[in-house]
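Undergrad: no FASTA, just this:
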């Protein structure tokens, strides 16, 4: 499949439209204060922003920086922006192999491209709640779309008793029934960086936030979900902190109908156990 390199869009005008309070109060964790089950921003509707990016793409660094700003600043009233950097592997043949890339992420983006009727996948592409795709550097477009996504009701997802031990992340997860959705668990490095020595970004120091390292379907939601999950820790990560994201995605439309996240504590000890085993 031919890949399209999208042009950078430098748009500095920020939509200042105020949102009303979300109609559904989420029981799930929408902040990252701790892994103990204490919620934060539970009057904000969580919105998942997936950025498909690559260290081999010269158009991607501005989008990476914008995603970090979205994560840090939370600029949309009424929305809790949950971000995820997903590094594709189709740029790995242009002089630099992205150490965070995977064929699995590429396949995920290509599934979105088919749903959106795109000619091909491209970078940087931001996908909001699995329903809208756009240039990942388009700040105005992102803010406007996140605002729209936050108006949609979301499935309740609750996380509790999160820990990292014995080579896996464990958590008690509960979610209401949805007859057309599956529940997914993602482990993401809180922060990653690279000094790029080849390809289009040669000589640049790049930083990333919430970098996807593993994704696993943990079960269908036809009858709801309420049990403990065990997600293997990725051996390749060197991050000091890791994020656990749980999201519900409709099987045929790809729409994200619920999402929650937290930071896993005890990650360092669990990582040492994995490396020494």
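TA: Looks like it came in fine. Values in this document were obtained by computation on a predicted structure and should not be read as measured data.

Undergrad: Please enumerate the helices of the chain.
TA: With DSSP state H as the criterion, the chain has helices at 61-73, 103-116, 139-149, 267-276.

Undergrad: what's the closest of these to residue 208?
TA: helix 61-73 (5.6 Å; Cβ to Cβ). Heads up, the C-betas are built off the backbone N, CA and C, glycines and all.

Undergrad: so residue 248 sits right up against residue 175, yeah?
TA: Yes. Between residue 248 and residue 175 there is a contact under Cβ atoms under 8 Å: 6.1 Å.

Undergrad: Please produce JSON lines containing the helices of the chain, extended by distance to residue 241 and mean pLDDT.
TA: What follows is the helices of the chain, written out as JSON lines (distance: least, Cβ to Cβ, whole Å; pLDDT from 0 to 100):
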{"stretch": "helix 61-73", "distance to residue 241": "13", "mean pLDDT": "98"}
{"stretch": "helix 103-116", "distance to residue 241": "21", "mean pLDDT": "98"}
{"stretch": "helix 139-149", "distance to residue 241": "24", "mean pLDDT": "98"}
{"stretch": "helix 267-276", "distance to residue 241": "6", "mean pLDDT": "42"}
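
Undergrad: Name the stretch among the ones you listed that sits most buried.
TA: helix 139-149 (a mean of 21; mean count of other Cβ atoms under 10 Å).

Undergrad: list the helices and strands that helix packs on?
TA: Using 3 or more Cβ pairs under 8 Å, 6 or more residues apart in numbering; DSSP states H and E as the contact test, the elements touching helix 139-149 are strand 45-53, helix 61-73, strand 79-87, strand 125-128, strand 132-135.

Undergrad: Nice, that's everything, thank you.
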